[in-house]
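Visitor: build me a model:
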Amino acid sequence: ITKNNQSLKNYILMFIMSLSVVSIGHSSTRPVAVMSKIIGDVKVDLVTQPGWKSAEWGEKLFNGDKLKTGQESFSSIMFLDRSLVKIRENSKFTIKSKRTIKRELDTEINLKIGELNLKAAKGSKFKIQTPTSVASVKGTELNLLVKDDGTTILTVIEGTVAFLNEMGEILATEMTISIA
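Guide: Modelled structure (predicted):
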């Protein structure tokens, strides 16, 4: 009887461990955003399906996905926390986002070139990395432009943004423009 009880305990323990592994694997494949508008030439390189392809309305985006827009193109992305990112023409970036709690995200966008407008939901955490600077955002609306030479222009529309580069950090307030 003791041997059977031990076997049963081992079986139950293995079953619980396998459920944990399945749920951990499943959580890393949960979407963090969705394509909410596409105009013109918008392409995505998905971690779930590597290789550039045309983006589709309603397409789910995951941590590590890349997006680029062509000439005279536009796209918007709605994140799980209801933050909205509008991407202008000739832009390239990567999404790095993880869920912190049910409908909250900790998101980093690596903007290589181009322009985006972000309206971050209250309580959300966004960091936008460019070749020359970093903008840390909480519940703010801003516009960020990265030029061909890497120059970054931040326009804070509402709220405040911690904006930093190798020279230091400033706290940019609403209705101000900062250049790095």
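
Visitor: tell me, how many neighbours does residue 51 end up with?
Guide: Residue 51 has 8 neighbours, counted by other C-beta atoms under 10 Å. For the C-beta atoms, the positions are set from N, CA and C on the backbone; glycine is no exception.

Visitor: no wait, residue 72
Guide: 10.

Visitor: go ahead and confirm it touches residue 89.
Guide: Yes: taking C-beta atoms under 8 Å as the definition, residue 72 is a contact partner of residue 89 at 5.7 Å.

Visitor: what residues do these two have in common as contacts?
Guide: Contact criterion C-beta atoms under 8 Å, 6 or more residues apart in numbering; residues shared by residue 72 and residue 89: residue 40.

Visitor: is residue 137 in a bridge, and if so with what?
Guide: residue 126, residue 161 (DSSP bridges).

Visitor: ok, residue 173 - how many residues close by?
Guide: Using other C-beta under 10 Å, residue 173 is surrounded by 12 other residues.

Visitor: identify the residue nearest it in space, chain neighbours excluded?
Guide: If the residues on either side of it in the chain are set aside, residue 173 comes closest to residue 160, at 5.3 Å by C-beta to C-beta, 6 or more residues apart in numbering.

Visitor: please name the residues that touch that neighbour.
Guide: Contact analysis of residue 160 by C-beta under 8 Å, 6+ apart lists 140, 171-174.

Visitor: same deal with residue 52?
Guide: 43-45, 68.

Visitor: closest one to residue 31 out of those, please.
Guide: If you rank the contacts of residue 52 by distance to residue 31 using C-beta to C-beta, residue 44 comes first, at 12.4 Å.

Visitor: for that closest one, which non-adjacent residue is closest in space?
Guide: In this structure, residue 44 finds its nearest non-sequential neighbour in residue 55, 4.6 Å apart by C-beta to C-beta, 6+ apart.
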